[in-house]
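> next comes the sequence, and after it the predicted model I'd like to discuss.
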Number of protein chains: 2
Amino acid sequence: MAEIKYEIIENIGVLSESPKGWKKELNLISWNGREPKYDLRDWSPDREKMGKGITLTKEEIIQLRAMLQDFQ
Amino acid sequence: MAEIKYEIIENIGVLSESPKGWKKELNLISWNGREPKYDLRDWSPDREKMGKGITLTKEEIIQLRAMLQDFQ
């Protein structure tokens, strides 16, 4: 697999931590030098490995927030 | 790839729609008959195909909501 370069612009928060220390995090990340996107993903304890995740635009984050406000 | 069975228990909302009609949705989904989990994922117009996504527990959703409340 080609090397993926990324830069964590902002660590917004941690959603959970597994017994093995992997954390599900919301970050603002620039992938391969491109414009930063919001990113929801699992990370190993030292961020050496990344798990599967998805990227979200700011508009999607705003929409998600509105959606969760009514969430029980 | 082995067939994956899933049942959408609840459609919570749509975060966005692409020009080709794919939607990024938050759903409550039971995968292979297991206990339902929250699922953030892209879906083709007729839900024939699914894109990459992540599953979230209810606790992670609650945590995410709290995190986004301060989001600018």
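Cool, got the structure. Numbering: from 1, shown residues only, chains lettered A, B, ... in the order given.
> so which bits of chain A are right by chain B?
Selection of chain A residues close to chain B by CB under 8 Å from any CB of the partner chain yields A:12-16, A:24, A:26, A:40-42, A:52-54, A:56-57, A:59-65, A:67-69, A:71. C-beta here means a position set from N, CA and C on the backbone, and glycine is covered the same way.
> and those residues, which of them are buried?
A:12-13, A:15, A:24, A:26, A:40-42, A:53-54, A:56, A:60-61, A:63-64, A:67-68 (16 or more other CB atoms under 10 Å in any protein chain shown).
> could you list which of these belong to strands?
Among these, the residues falling in strands (DSSP state E) are A:12-13, A:15, A:24, A:26, A:40-42, A:53-54, A:56.
> as TSV, those residues with pLDDT would be great.
Listed next are those as TSV, based on pLDDT from 0 to 100:
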residue	pLDDT
A:I12	94
A:G13	95
A:L15	97
A:K24	97
A:L26	97
A:L40	97
A:R41	96
A:D42	96
A:G53	92
A:I54	94
A:L56	96
